[in-house]
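1. with the input below, show me the fold.
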Amino acid sequence: MLTVSITESFKKGYKAGTSVVFGHIVAETGMIVLLGLGLSQIIGLKAPFIAICVIGGAFLVFMGINLIKSGRGNASIQTAAEKRTLAYGPIYGGIITSLSNPFFFLWWFTVGAAFVFQGLRLAGLVGLTAFLIGHWSSDFSWYGFVSICTDRGAAVTGDRAYRFVLTSCGVFLSILGLVFVYNGFVNI
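-> Coordinates of the predicted model:
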């Protein structure tokens, strides 16, 4: 999500970080529904974990390679600003980066599930709501801050720094994706 927040902030401005979080919240809401349906029991099964690692990791590598290509091309902050009207954007990026990360599922089926169920046990829907407000507020605060810094810094740094950031984010996403794929194959 951090990489998507940074790269989308160059394209869409300071509001991109909160949009990425909104996409993340869509994915998390789906996870909470799945927890309510009792699907946390699948966490003990290897097949779903392996599938998420391999498929999600491969998708992150694909995204990373595209960012590296953008960073090595003639990418410019001006060109990124002109792409602000594209349909694909930070909300979709937040959903995809969340769902392509196998540790997103592990967290929600373990730690996240414990927080959800404890909140429900202690105060019912009020407890669950309090947990979600705190959790999502921290996401909005952090990624909003990153997005504002990226947007404001873009005016100062110039195209060379922009290409460096794109390439760096692409390398990071690719490495992270390869780690996920590796973890999937190691667990076969």
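
2. and the contacts of the host helix or strand of Phe22?
-> Assigned by DSSP states H and E, Phe22 belongs to helix 16-36. In this structure, residues lying in contact with helix 16-36 by CB atoms under 8 Å, 6 or more residues apart in numbering are 1, 4-5, 8-9, 12, 40, 89-99, 104-105, 108-109, 112-113, 116-117, 132, 136, 139-140, 143-148, 150-151. To be clear about C-beta, it is placed using only N, CA and C from the backbone, and glycine gets the same treatment.

3. helix or strand right after the lowest-mean-pLDDT helix or strand in the chain?
-> Comparing helices and strands within the chain by mean pLDDT, DSSP states H and E singles out helix 77-82 as the least confident, with a mean of 64. Sequence order places helix 90-99 as the next helix or strand after helix 77-82, per DSSP H and E.

4. returning to that earlier point: buried residues, the helix holding Phe22. List them.
-> 16-25, 27-28, 31, 34-35 (16 or more other CB atoms under 10 Å).

5. which elements pack onto the helix or strand where Val156 lies?
-> Under the assignment given by DSSP H and E, the secondary-structure element containing Val156 is helix 113-157. If contacts are counted by 3 or more CB pairs under 8 Å, 6 or more residues apart in numbering; DSSP states H and E, helix 113-157 sits against helix 2-12, helix 16-36.

6. and that helix with helix 2-12, angle?
-> With axes from the mean of the first three to the mean of the last three CA atoms, to 10 degrees as the basis, helix 113-157 and helix 2-12 are set at 40 degrees to each other.

7. now stretch 124-144: mean pLDDT?
-> Over the span of stretch 124-144, the pLDDT mean works out to 94.

8. can you give me the angle the helix or strand hosting Ala58 makes with helix 90-99?
-> Counting by DSSP H and E, the element that carries Ala58 is helix 46-72. Orientation of helix 46-72 against helix 90-99 (the same axes, to 10 degrees) gives an angle of 140 degrees.

9. can you start the count at 8 instead of 1 from here on
-> All set: I'll call the first residue 8, so the last point we hit is now helix 53-79.

10. got the contact list for Glu15?
-> Counting by CB under 8 Å, 6+ apart, Glu15 makes contact with 23-24, 26-27, 96-97, 100, 154.

11. give me that answer again for 7 Å
-> If a contact means CB atoms under 7 Å, 6 or more residues apart in numbering, then Glu15 has 23, 27, 96-97, 100 as its contacts.

12. quick check: Thr10 vs Val118, distance?
-> Separation of Thr10 from Val118 (CB to CB, to the nearest Å) stands at 23 Å.

13. what mean pLDDT would you report for the helix holding Ala65?
-> Mean predicted confidence for helix 53-79 is 85.
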